[in-house]
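Visitor: what's the 3D shape of this:
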Amino acid sequence: MATRLGSNGDAWLAQPPSRVALPLLVGAALLSAGLVFYAIQNWALAAGFAATILTIAALLSWYNRLYPPQMSDREAIPDWTVARAAADASSMAIAVTDRAGRLVCASDLFGEWFPGYPTPPGITGDAALTERLTTAARAAWRDGESRQDGVSQGALRLDVEVCRTGRSEDYLLWRFTPVRQPSALDDVNRFLTGEAGRQMGEAGIMAAMIGGEGRIRAANGAFLLRAAGRIDANIAGRDFASHMRVDDKGRLFLAREEQGGLPLRLLQVPLKRTMQPGGMQASAQDGPMLLLLIDEPSGGGGTSALSYIETLLSLLPFGLAMADRDGRVLFLNNAFARVVGLKPGEKPSYPGDLVVREDQAAVADAVRRFAVGPQMSGDIAVRMRDQPDDPVALSLAGVRGLGEAAVLLSLKDNSEESKLKRQVAQATKMQAIGQLAGGVAHDFNNILTAIIGHCDLMLMRHTPGDSDYDDIQQIKSNSNRAAGLTRQLLAFSRQQTLRPQILQIPDIVADVSNLLKRLLGENVRLEVTHGRNLGAVRADPGQMEQVIVNLAVNARDAMPEGGTLNIQTYAVPAGRVREMQQQILPTGDYTALRVSDTGLGIPPDILAKIFEPFFTTKELGKGTGLGLSTVYGIVKQSGGYIFAESESGRGASFVIYLPVYAGADAQQPAPVKAPVRRSETWGTGTVLLVEDEDMVRAVAERALVRQGYKVLTANDGEQGLEVLAGDIAIDLLISDVVMPNMDGPSMVARARQSHPDLPVLFMSGYAEEQLRNSIDLANVAFLPKPFSVNQLAEAARDALAMRTAAE
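Guide: A predicted model of the protein is given here:
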């Protein structure tokens, strides 16, 4: 029916389109028939004309119903601002990628967990993790959805869900959900409903946990039996106050026991507070609490009640202590002593004795405030004397009717939580430093390429004995030393070029043992032990030798008076990894390499910084600070993990865990390198050189021209395509990878459409393996920067030879 809008005209306008159109069409048909009859005075022709109009209108209406108008392309564009706002409202990290593998939308939480907003699946530098997420993405494109559980990002454990989305299902939605860790409330729940809660009930102690809203969440059997009449009663979610009553004298009773019950003493233990740094919260009703109820002792003596409470608190697994009105400590349980670092039998006089000097006045003032006046509870951030770098929450609650006791203090043992926070902060810092180091090394490689290239060109015009020859050689030598430093920076940032092979760690140790004996000297004894059933690993043998040498030299310097260097290899199966409960190390089979010494050890304040680049404790001029950072980068780029263990004065140990390679070729021996065949580097043909750095392009052009090539140059990918589309045939394309406007891989992908057999030589300061994974182009060669004139000539010759061999 039509909706009435207040007038007949308005009601007519509110009619559905189909009901409005039908009378109009009938009227138009009759009017047209009248006009025709008036013009030619023929009723048959007029009626046929009206019928034709009605038939055409009916056909158009039927067509519109079968084929409704489609939404325009402009209307179909997703509104990513709305999607991003919805993603930020979620508690999980969310990202959206398109079929081209581009990141089109991501939440703020995704940027916090993965700095720099990397595009999934390449969210970290971990090759194994990237492979897992790549497999999940392929499965999602194929099946609609997939997931990967237990993904590690620093100290975080994440479950990853991937699913197709969008109107045409041309996007992938990535959801990263943190694995929920057990909370203190879960521990209390298990405590009350388990054996400990039963034992408390047998001792006459009723216990219940309530939420901030006052409703019961859990209770032990003694409370259930007396408050509800049955030990198996289900009272979860009920108001705690409904089970209690207060008489005219202010005494507390169970409501079910009416007049025949005994008065009860109530002790409140705050379980969780929202702490404001340096401030307090005075409300006692804003968080969960553990409520303990005991029968009032006969005579109501506060002293006997206090000793009863002390016995109860000593059984609880939470750090609890009590102080009097003057702030003197009356009692503390074992959990409290363990959290603050007290020795067995040691008891402080005042709570302020446990904190640093700067916080003592704040603690004493808080205890005095909570000891008098109305009962309140709150938190204060303090720094313990034994752990001054980690602030903790000290909870205080005023208590009354317990004799001398006036304040209840509690501390949460958050040592594991603090450890995880430090690990996350350290991993994030190391990742940021690695990105910075990689960028600096890449730009510096361009400068070194130009310096080394010009030195080579000048040496071609000078002979030994010339006045400038030795100076040029010195410049080139220093440039090669600088190139070595950039390789170490790239190793730390996990962007160096690796040549991984399937190998056994004991073989690498055996190859480098003779070198180690010469490096260590006569005062240091080398001991090597190997375990059984070691799995093969996939790593670069040369880089693994560098890892062992760097660790050995570092250990030698830590033993100035001599000592023992022990290198040990052993297998670590997945079951043992689970027993280690290491948050960073994923469960799996590993081959471990331990390098330990009997030297001076590493102080705790330095242990967290040893893998940072340019950090060294050696004297000025005796170390670059890149030895351990290079080890860290090589291990991480090989998919492994490294941990440092040390006690000051008792030596240090570095343990490397490399995942066991499970491929089909795991048992095959490492391939033997064929001898390099040196031949003439002169060549002919036309080379297109695409490089955005003027200094690199100039030296490369001169080097290739001297070798007999005709060289055409371009500043970026767009200019390179214009030159390629010209009349001159190109025999070889040499290009940088990262360039403005259009990068090298994009240019080559378009060039291959018209020149499918064109040989390509990429030159870049980044890692070859990383580039090959991101480029996804076949039949391309790679030349790492910095390079010499001769290396460029050899790479060009080999690239042209590949085309000749293919033909």
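
Visitor: Leu607 is in contact with Ser648, isn't it?
Guide: No: in terms of C-beta atoms under 8 Å, Leu607 does not count as a neighbour of Ser648; the distance is 9.5 Å. Heads up, the C-betas are built off the backbone N, CA and C, glycines and all.

Visitor: show the contacting residues for Phe223.
Guide: Going by C-beta atoms under 8 Å, 6 or more residues apart in numbering, Phe223 touches 201, 206-208, 293.

Visitor: between those, which has the most around it?
Guide: Comparing the contacts of Phe223 by number of neighbours (other C-beta atoms under 10 Å), Ala207 comes first, having 26 neighbours.

Visitor: state whether it is indeed within a helix.
Guide: No: using DSSP: H, G, I helix; E, B strand; the rest coil, the assignment for Ala207 is strand, not a helix.

Visitor: bridging residues for it?
Guide: Counting by DSSP bridges, Ala207 is bridged to Leu292.

Visitor: circling back: nearest to Arg147 among the contacts of Phe223?
Guide: The nearest member of the contacts of Phe223 to Arg147, counting by C-beta to C-beta, is Ala208 at 38.8 Å.

Visitor: name the nearest residue to that closest one, sequence neighbours excluded.
Guide: Ala219 (4.0 Å; C-beta to C-beta, 6 or more residues apart in numbering).

Visitor: surely the one you found touches Ala233?
Guide: No: taking C-beta under 8 Å as the definition, Ala219 is not a contact partner of Ala233, at 9.1 Å.

Visitor: so which of these two has more stuff around it?
Guide: In terms of neighbours (other C-beta under 10 Å), Ala219 is the more surrounded of Ala219 and Ala233; the figures are 27 against 15.

Visitor: check contacts around that one.
Guide: Neighbouring residues of Ala219 by C-beta under 8 Å, 6+ apart: 192, 206-209, 227, 235.

Visitor: so what are the sheet partners of the strand of greatest length in the chain and their directions?
Guide: Longest strand in the chain, counting residues (DSSP state E): strand 391-402. Take DSSP bridges as the rule and strand 391-402 pairs in its sheet with strand 377-383 (antiparallel), strand 405-411 (antiparallel).

Visitor: where's the residue nearest to Ala397 when sequence neighbours are not counted relative to Asp557, distance?
Guide: In this structure, Ala397 finds its nearest non-sequential neighbour in Ser377, 3.8 Å apart by C-beta to C-beta, 6+ apart. Note on Ser377: its distance to Asp557, by C-beta to C-beta, to the nearest Å, is 54 Å.

Visitor: more neighbours, the two?
Guide: Ser377 (26 against 16).

Visitor: related to what we said a few turns ago, the longest strand of the chain - what's its average pLDDT?
Guide: When pLDDT is averaged over strand 391-402, the result is 80.

Visitor: stretch 656-671 too?
Guide: 70.

Visitor: where does the stretch 451-600 of the chain have low pLDDT?
Guide: Counting by pLDDT under 70, the stretch 451-600 of the chain has low-confidence residues at 484-499.

Visitor: tell me where the stretch 151-300 of the chain has helices.
Guide: Secondary structure of the stretch 151-300 of the chain, counting by DSSP state H, counting those that start in this stretch: helices at 184-193, 195-202, 221-228.

Visitor: can I get those helices in CSV including mean pLDDT and distance to Leu448?
Guide: Conversion of those to CSV gives the following (pLDDT from 0 to 100; distance: least, C-beta to C-beta, whole Å):
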stretch, mean pLDDT, distance to Leu448
helix 184-193, 81, 56
helix 195-202, 85, 67
helix 221-228, 88, 75
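
Visitor: for Trp682, which of these is the nearest?
Guide: Once the helices of the stretch 151-300 of the chain are compared by C-beta to C-beta, helix 184-193 is nearest, at 75.1 Å.
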